[in-house]
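Trainee: need a structure here:
(chains A and B)
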Amino acid sequence: MKEKIAKLISEILNIDEKEIKIEIPKNNKFGDYSTNIAMQMCKIYHKNPMEIASDLQSKIKDSDIVKIEVVNPGFINFFVNKNYLLDNINKVIKEQENYGRSTIGNGQKINLEFVSANPTGILHLGNARGGAYGDNMARIYKFAGYKVNKEYYINDAGMQINNLGLSLQARYLNLCGIKKEIPLNGYHGDEIVKIAKDLYEEVGSQQKDANVDFFKNLGIEKLLDSIFNDLKEFRVTYDTYTSEKKLYDEGLPQKTLEFLIKNSHIYEQDGALWFKATQFGGTRDIVLVKKDKEYTYTLPDIAHHIKTMDQGYTKLINVLGADHHGYISNIKSGISAMGYDSNKLEIKLLQLVKLIQNGQEVKMSKRTGKSVSLHELIEKVGVNAARYFFAMRSLDTQMDFDIDLATKKSSENPVYYISYAYARICSILKDNESTNVTKYVTINNNDAYNVLKKVFEFKSVVENAAKKELPHLVATYAYDLANLFHIYYSKNRIITDNREETNENLNMINSVKITLANALNLIGVIPPERM
RNA sequence: GUCCUCGUAGCUCAGCUGGAUAGAGCAUACGCCUUCUAAGCGUACGGUCAAGUGUUCGAAUCACUUCGGGGACACCA
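Mentor: Numbers count the residues shown, from 1 in each chain, chains lettered A, B, ... in the order given. Here you go, the predicted structure:
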């Protein structure tokens, strides 16, 4: 319908259809569709926008348009007949879980890397936010016709892992009665204490002479286990896992370094090898090889990105915490220096989650182990509420997470509101059989039309969410749809004395049910059939 | 100091290719269950869209400046 109106106008004004913006007004007294084209054109025609609008009003003729209004300062509002909404009910029922699917992605390949937390502790709230965002985007992209690869980059090499090994070793040796300090930048999480304890309980002090590598590997194994278990419970899964250590085994960081040296992008200073990042848009030069000959994190990460780009992705998206902001220019300049297009890499920064308890901010730190874990969150509020809570807010708000509120499991979380709409529909459909309707004739009130209009909008919401990379548009959409349904439900009977009417109503609410489920699925929420 | 980001109702947040009277939830005060789930619906209260300047027919939205919150500026990741 939108396209049709745009086309009609473009033919009259003789301009490109794409120039014409047709929007759905927030207030439905302004019609089903509205355009500001008359105001846009007044400069070109040197005419009053109201004049242009009136002119268009008289020239547009179409059987589906029942009324055209011209309103100050020059809006043209279209009122269309509602058959398209009624016809859409059968489309929804026919397409089921595919209703709303789009092809705008055109099969483009997107690599989505998210969470990628170091295996030096368990996942916390910040990771949960990143996980929810990444997974939501993956679901939305797929639904919008993109090909998506979800990747977890495992930092199982380097300094931090060394610290993990040393921390774990210290804990274990202490249990064996041997004095050993946790290193300065070591990890103090309970989960590390537990791994040491489990080991001690299993083998006693047999491993007291084991080297750090033993503890590193043990720690990585156990912590990755817990990370992926938590994520799975959170309904977040991955397609590929990339190990930093494996990149070393394949010699990729080495090759990357050699390439950069060969192309004179590297110089030596103070015994370290520096990359001339400033020549490629970086804010400052960066060290790739430390004076102890170890590589910094950046070198294997450049290799990693190059390797991914070689696989033909049109876009690489990394979801990182806001504290990694400074890293963006590092990695991008590295990619450019390797002769690749760094614009293909898009980095999404998520603002950190501020944790509120008893009205006060709780500082989080992985090192001190004083954070709320993802696991704990799920235990307290459930996966649905947690997923929705993260999905409903855009990434760039510094969100407050009130743990007292969340643990109340109350209706203050909108996910219950949406679930309730879904459960209401399910309970009606459970007790009432419906049959196919070929032509809807009884549905004729604004509450119903408002609901159906929302159902109709779904596909464009999916496309918008994909294009703008904003999953919260889907969360908000689900809420709006539930809201309109609740209003409709409270004012209208679905089961009536009239069999034909009842049957049409049942089909209509079934279309709402399907659309709700599809929307919620895109943000990892599974609505309950009963509440 | 330099860079990034945010600032919208008492609180938590929507509002995003500039549009019509700036919207929800929570909180507060009232209504609505003999009928399909009241975890719902409705009414009221609540705003200098941080401040200023500019661009525009039109700005919460775009640009610049100032103020304020958060973050980043490692031979950590």
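Trainee: switch to C-alpha atoms for all contacts and neighbour counts from now on
Mentor: Noted.
Trainee: Let me see the residues that make contact with stretch A:436-454.
Mentor: By CA atoms under 8 Å, 6 or more residues apart in numbering, the list of residues contacting stretch A:436-454 from outside reads A:82, A:85-87, A:89-90, A:480-481, A:484-485, A:487-488, A:500-501, A:503-505, A:507-508, A:512.
Trainee: show me which of those neighbour RNA strand B.
Mentor: Contacts with RNA strand B within the contacts of stretch A:436-454, counted by CA under 7 Å from any atom of the strand: A:Ile487.
Trainee: Which of the contacts of stretch A:436-454 fall in strands?
Mentor: Among those, no member falls in strands (DSSP state E).
Trainee: Need the buried ones from the contacts of stretch A:436-454 selected in ChimeraX.
Mentor: Here is the ChimeraX selection string for the buried members of those, based on 16 or more other CA atoms under 10 Å:
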select /A:82,85,86,89,90,481,484,485,488,500,501,503,504,505,507,508,512
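Trainee: Filter the contacts of stretch A:436-454 down to just the ones in helices.
Mentor: Within these, residues falling in helices by DSSP state H are A:85-87, A:89-90, A:480-481, A:484-485, A:487-488, A:500-501, A:503-505, A:507-508, A:512.
Trainee: if you skip the residues just before and after it, what's nearest to the most centrally placed residue in chain A?
Mentor: By CA atoms, centre = their mean, chain A has its centre lying nearest to A:Tyr133, at 3.0 Å. Excluding the flanking residues, the one nearest A:Tyr133 by CA to CA, 6 or more residues apart in numbering is A:Ala391, at 6.8 Å.
Trainee: these two touch, right, the one you found and A:Tyr477?
Mentor: No - A:Ala391 is beyond contact range of A:Tyr477, at 11.4 Å (criterion: CA atoms under 8 Å).
Trainee: ok, those two, which is more surrounded?
Mentor: In terms of neighbours (other CA atoms under 10 Å), A:Ala391 is the more surrounded of A:Ala391 and A:Tyr477; the figures are 25 against 21.
Trainee: Check the burial of A:Lys109 by counting its neighbours.
Mentor: Per other CA under 10 Å, the neighbour tally for A:Lys109 reads 20.
Trainee: what's it sitting at in phi/psi?
Mentor: Backbone torsions of A:Lys109, given as degrees, to the nearest 10, read phi -90, psi 130.
Trainee: which residues does it contact?
Mentor: With contacts defined as CA under 8 Å, 6+ apart, A:Lys109 is in contact with A:146-149, A:312-315.
Trainee: Between these, which sits nearest RNA strand B?
Mentor: Lowest distance from RNA strand B to the contacts of A:Lys109 (CA to the nearest atom of the strand) belongs to A:Lys315, with 19.0 Å.
Trainee: what does the stretch 1-150 of chain A put close to RNA strand B?
Mentor: Residues of the stretch 1-150 of chain A lying near RNA strand B (CA under 7 Å from any atom of the strand): A:21, A:25, A:30, A:34-36, A:39-40, A:43, A:71-73, A:75-77, A:118.
Trainee: Can you say which of those residues are buried?
Mentor: For those, buried by 16+ other CA under 10 Å: A:30, A:34-36, A:39, A:75-77, A:118.
Trainee: ok, those residues vs A:Ile428, which is closest?
Mentor: A:Phe30 (33.8 Å; CA to CA).
Trainee: so what's the closest one closest to, chain neighbours aside?
Mentor: Closest to A:Phe30 by CA to CA, 6+ apart is A:Asn77, at 5.9 Å.
Trainee: pretty sure that neighbour is in a strand, no?
Mentor: Yes - assigned with DSSP: H, G, I helix; E, B strand; the rest coil, A:Asn77 falls within a strand.
Trainee: Mind listing what's buried along the helix or strand where A:Asp230 lies?
Mentor: According to DSSP states H and E, A:Asp230 maps onto helix A:212-233. For helix A:212-233, burial by neighbour count (16+ other CA under 10 Å) applies to A:212, A:215-216, A:218-220, A:222-224, A:226-228, A:230-231.
Trainee: which stretches of the stretch 101-250 of chain A form strands?
Mentor: For the stretch 101-250 of chain A, strands defined by DSSP state E, counting those that start in this stretch occupy the ranges A:109-113, A:147-154, A:240-243.
Trainee: Give me the helices and strands touching the longest one, please.
Mentor: Contacting strand A:147-154 under the criterion 3 or more CA pairs under 8 Å, 6 or more residues apart in numbering; DSSP states H and E are the following elements: strand A:109-113, helix A:125-143, strand A:240-243.
Trainee: Of the ones you listed, flag the one that's most buried.
Mentor: Comparing the helices and strands packed on strand A:147-154 by mean neighbour count (mean count of other CA atoms under 10 Å), helix A:125-143 comes out on top with a mean of 25.
Trainee: Packing partners of it?
Mentor: Packing contacts for helix A:125-143, counted by 3+ CA pairs under 8 Å, 6+ apart, involve strand A:109-113, strand A:147-154, strand A:315-321, helix A:374-381, helix A:383-391, helix A:446-468.
Trainee: what's the average pLDDT for the fifth one?
Mentor: Right, helix A:383-391. Averaging pLDDT along helix A:383-391 gives 91.
Trainee: Can you dump the C-alpha atoms of that helix in CSV for me?
Mentor: C-alpha atoms of helix A:383-391 as CSV (Å, rounded to 0.1, in the frame of the first residue of the first chain):
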residue,chain,number,x,y,z
VAL,A,383,15.7,-16.5,30.9
ASN,A,384,12.6,-14.8,29.4
ALA,A,385,12.7,-11.8,31.7
ALA,A,386,16.5,-11.5,31.4
ARG,A,387,16.5,-11.7,27.6
TYR,A,388,13.6,-9.2,27.4
PHE,A,389,15.2,-6.8,29.8
PHE,A,390,18.3,-6.6,27.8
ALA,A,391,16.5,-6.6,24.5
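Trainee: before we move on, the earlier item: lowest mean pLDDT across the helices and strands packed on helix A:125-143, which one is that?
Mentor: Among these, helix A:374-381 scores lowest, with a mean of 87.
Trainee: Counting neighbours, which bits of that one end up buried?
Mentor: Across helix A:374-381, burial judged by 16+ other CA under 10 Å covers A:374-375, A:377-378, A:380-381.
Trainee: Can you lay out those as a markdown table showing distance to A:Ser10?
Mentor: Listed next are the buried residues of helix A:374-381 as a markdown table, based on distance: CA to CA, whole Å:
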| residue | distance to A:Ser10 |
| --- | --- |
| A:Leu374 | 53 |
| A:His375 | 55 |
| A:Leu377 | 53 |
| A:Ile378 | 53 |
| A:Lys380 | 56 |
| A:Val381 | 52 |
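Trainee: ok, now which ones touch A:Gln279?
Mentor: Contact analysis of A:Gln279 by CA under 8 Å, 6+ apart lists A:Ser333.
Trainee: mind checking how far it is from RNA strand B?
Mentor: From A:Gln279 across to RNA strand B, the span is 16 Å (CA to the nearest atom of the strand, to the nearest Å).
Trainee: ditto for A:Asp310
Mentor: A:Asp310 is 22 Å from RNA strand B, by CA to the nearest atom of the strand.
Trainee: near RNA strand B, which residues of the stretch 351-500 of chain A?
Mentor: Residues of the stretch 351-500 of chain A lying near RNA strand B (CA under 7 Å from any atom of the strand): A:351-352, A:392-401, A:410-414, A:416-417, A:420, A:423-428, A:468, A:473, A:476, A:483, A:486-487, A:489-495.
Trainee: wait, which of the helices and strands packed on strand A:147-154 is closest to A:Val66?
Mentor: Closest to A:Val66 of those is helix A:125-143 (CA to CA; 34.0 Å).
Trainee: what is the orientation angle of that closest one with strand A:315-321?
Mentor: 160 degrees (axes from the mean of the first three to the mean of the last three CA atoms, to 10 degrees).
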